[in-house]
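Engineer: 3D, please:
(2 chains)
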Amino acid sequence: EAQVTQNPRYLITVTGKKLTVTCSQNMNHEYMSWYRQDPGLGLRQIYYSMNVEVTDKGDVPEGYKVSRKEKRNFPLILESPSPNQTSLYFCASRDSSYEQYFGPGTRLTVT
Amino acid sequence: AQSVTQLGSHVSVSEGALVLLRCNYSSSVPPYLFWYVQYPNQGLQLLLKYTSAATLVKGINGFEAEFKKSETSFHLTKPSAHMSDAAEYFCAVSGQNTGGFKTIFGAGTRLFVKA
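Structural biologist: A predicted model of the protein is given here:
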């Protein structure tokens, strides 16, 4: 089954404690992306990757890092999480027609 | 800068009534346009997409949308609402004029369906 998986689905952490949210896709897509979803703001793009070792900032990259060492994986790293990063995060991969396939989401709470 | 505007953060219709969710975009060239749906506690899934072929696009679950270049609109419609249509709907734009690889989403419209 074609899918995008994310882990963990839920995470509660404290300010400053480094965390990583994993994302993996099995569709051999070159393009992957991370979004955060906040009420009234829709989805905002954090980072995207056009292929292995090629990443670029989206609209809200501050406080986040990404890496793309393998085509299937695109982890999101929060080196020093802060409460304003409490949000619902989605990973997505995209095919050649620009259609995106989303993971189930990771709900992050930073206290 | 590219933008997407969804008119109405909440829309309420009766079961069996017409559904109309509005989306306007800003673009100097026709982009790729999408409608995604998000059911509670789930990720987004594609309803339909416009990629410069037919201007009237049919999607899943009886939804359709019409690309109107003169109005820079891509409104989503469904002739008869069903209770299962209650969800949040997002309009999105992508393509060369969004920086090549970015996707811009609207703020979303939550659809309520009354029995």
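Engineer: give me the residue from chain A nearest chain B.
Structural biologist: Distances between chain A and chain B by C-beta to the nearest C-beta are smallest at A:Phe102, namely 3.8 Å. Every residue, glycine included, has its C-beta placed from N, CA and C.
Engineer: Would you mind confirming that that residue is in contact with B:Leu46?
Structural biologist: No - here A:Phe102 lies out of contact with B:Leu46, judged by C-beta atoms under 8 Å, at a distance of 9.0 Å.
Engineer: Pull up the overlap in contacts between these two.
Structural biologist: Common neighbours of A:Phe102 and B:Leu46, using C-beta atoms under 8 Å, 6 or more residues apart in numbering or on different chains, are B:Tyr36.
Engineer: of these two, who's got more company?
Structural biologist: A:Phe102 (22 against 16; other C-beta atoms under 10 Å in any protein chain shown).
Engineer: Sheet-wise, list the partners of the least confident helix or strand in chain B by mean pLDDT with their directions.
Structural biologist: One helix or strand of chain B scores below all others by mean pLDDT, DSSP states H and E: strand B:103-105, with a mean of 88. For strand B:103-105, the paired strands and their directions (DSSP bridges) read strand B:87-94 (antiparallel).
Engineer: circling back to that earlier point, what is the subsequent helix or strand relative to the least confident helix or strand of chain B?
Structural biologist: Next along the chain after strand B:103-105, taking DSSP states H and E as the criterion, comes strand B:109-114.
Engineer: excluding its backbone neighbours, what's nearest A:Glu53?
Structural biologist: Nearest residue to A:Glu53 in three dimensions, chain neighbours excluded: A:Arg68, at 6.1 Å (C-beta to C-beta, 6 or more residues apart in numbering or on different chains).
Engineer: show me the residues around the one you found that make contact.
Structural biologist: Listed by C-beta under 8 Å, 6+ apart, the contact set of A:Arg68 reads A:32, A:49, A:51-55, A:74.
Engineer: ok, what's across the strand from the most centrally placed residue in chain A?
Structural biologist: Centroid-nearest residue in chain A, with C-alpha atoms, centre = their mean: A:Trp34, separated by 3.2 Å. Listed by DSSP bridges, the beta-bridge partners for A:Trp34 are A:Tyr47, A:Cys91.
Engineer: Pull up the per-residue confidence for it.
Structural biologist: A:Trp34 carries a pLDDT score of 97 in this model.
Engineer: Let me see the contact set for the closest residue to chain A within chain B.
Structural biologist: With C-beta to the nearest C-beta as the measure, B:Gly43 is the residue of chain B nearest to chain A, at 3.8 Å. Taking C-beta under 8 Å, 6+ apart as the criterion, B:Gly43 is in contact with A:4, A:90, A:102-105.
Engineer: and these, which are buried?
Structural biologist: Buried members of those, counted by 16 or more other C-beta atoms under 10 Å in any protein chain shown: A:4, A:90, A:102-103, A:105.
Engineer: Adding distance to B:His10 and secondary structure, write the residues you listed out as CSV.
Structural biologist: Shown next, in CSV, are those (distance: C-beta to C-beta, whole Å; DSSP: H, G, I helix; E, B strand; the rest coil):
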residue, distance to B:His10, secondary structure
A:Val4, 29, strand
A:Phe90, 22, strand
A:Phe102, 23, strand
A:Gly103, 26, coil
A:Gly105, 21, coil
